[in-house]
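Trainee: what follows is a predicted protein model with its sequence.
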Amino acid sequence: MRIGILGSGGGSNMQAILDAVEDGSLDAEIVLVLSDIPDAFILERAKKAGIPTDVIDCRGFKSKFPPEAQIETIDALKAAKVELVCLAGFMRLIRQPLLEAFPDRILNIHPSLLPAYPGFEAWRQAVDDGASESGCTVHLVDSGVDTGPILIQAKVPVLPDDTPDTLHARIQKEEHRIYPEAIRQVMAN
Ligand code: GAR
């Protein structure tokens, strides 16, 4: 399975997928890593691993993923013969035309037990809400905000003294376990 990854941040989920590829537990290859943030650490990690990278030019829009940028993204993914697109901390909403270019082949990891806490900084939402439990979800991407069919979830407790950061760190440990597992699940189907 040829995987293309889109991310905007630190790239720890990209690293977890790469580690699973390298230890032989995931029969796949990361062939391209794209980011909308030119200095995102995910690009450094990918370059260090010898994976081709590129920057998505979002034409100065802060959160929108303009159609021209989506078309360039599709072209780059198709040129690399990507079969599965994994969003790993990518902070823009995927819409047409990217969705229809990879039908049922775009995955996302979200740091909550969806449908709870969709959107931005879900770990902070859980702490602010006084939740006793949160977690993470890998799902197929559709045109909604964190609404696509769920593949795998993992629960983590929210502890009384948790800050948003301590909860996020606990959630990320589970993210790194379930993302490769979800990719295995997709490959088996
Ligand atoms: C992860 O916690 C991921 O679930 C979250 O961003 C973080 C990226 O970390 N994604 C979202 O909130 C998407 N709505 P990483 O760059 O270290 O993988």
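Mentor: Everything's here; your move. Numbering: from 1, shown residues only.

Trainee: in a helix, Pro103, correct?
Mentor: No: remark: Pro103 does not belong to a helix; assigned using DSSP: H, G, I helix; E, B strand; the rest coil, it is coil.

Trainee: can you pull the pLDDT of it?
Mentor: pLDDT, Pro103: 96.

Trainee: ok, Asn189 next?
Mentor: Confidence score, pLDDT, at Asn189: 87.

Trainee: distance of it from the ligand?
Mentor: Asn189 sits 23 Å away from the ligand, taking CB to the nearest ligand atom, to the nearest Å as the criterion. All C-beta spots, glycine's among them, are computed from the backbone N, C-alpha and C.

Trainee: what is the burial count for that residue?
Mentor: 7 (other CB atoms under 10 Å).

Trainee: and for Leu34?
Mentor: 25.

Trainee: partner strands of the helix or strand it falls within and their direction?
Mentor: Per DSSP states H and E: Leu34 is located in strand 29-35. Sheet pairing of strand 29-35 (DSSP bridges) gives strand 2-7 (parallel), strand 53-55 (parallel).

Trainee: now the following helix or strand past that strand: buried residues?
Mentor: Downstream of strand 29-35, the first helix or strand assigned by DSSP H and E is helix 41-48. For helix 41-48, a neighbour-count test (16 or more other CB atoms under 10 Å) marks 41-43, 45-46 as buried.

Trainee: before we move on, what about stretch 98-117?
Mentor: Those would be 98-99, 101-102, 105-114, 116-117, for stretch 98-117 by 16+ other CB under 10 Å.

Trainee: show me where this structure has its helices.
Mentor: 12-22, 41-48, 67-79, 98-101, 122-128, 164-188 (DSSP state H).
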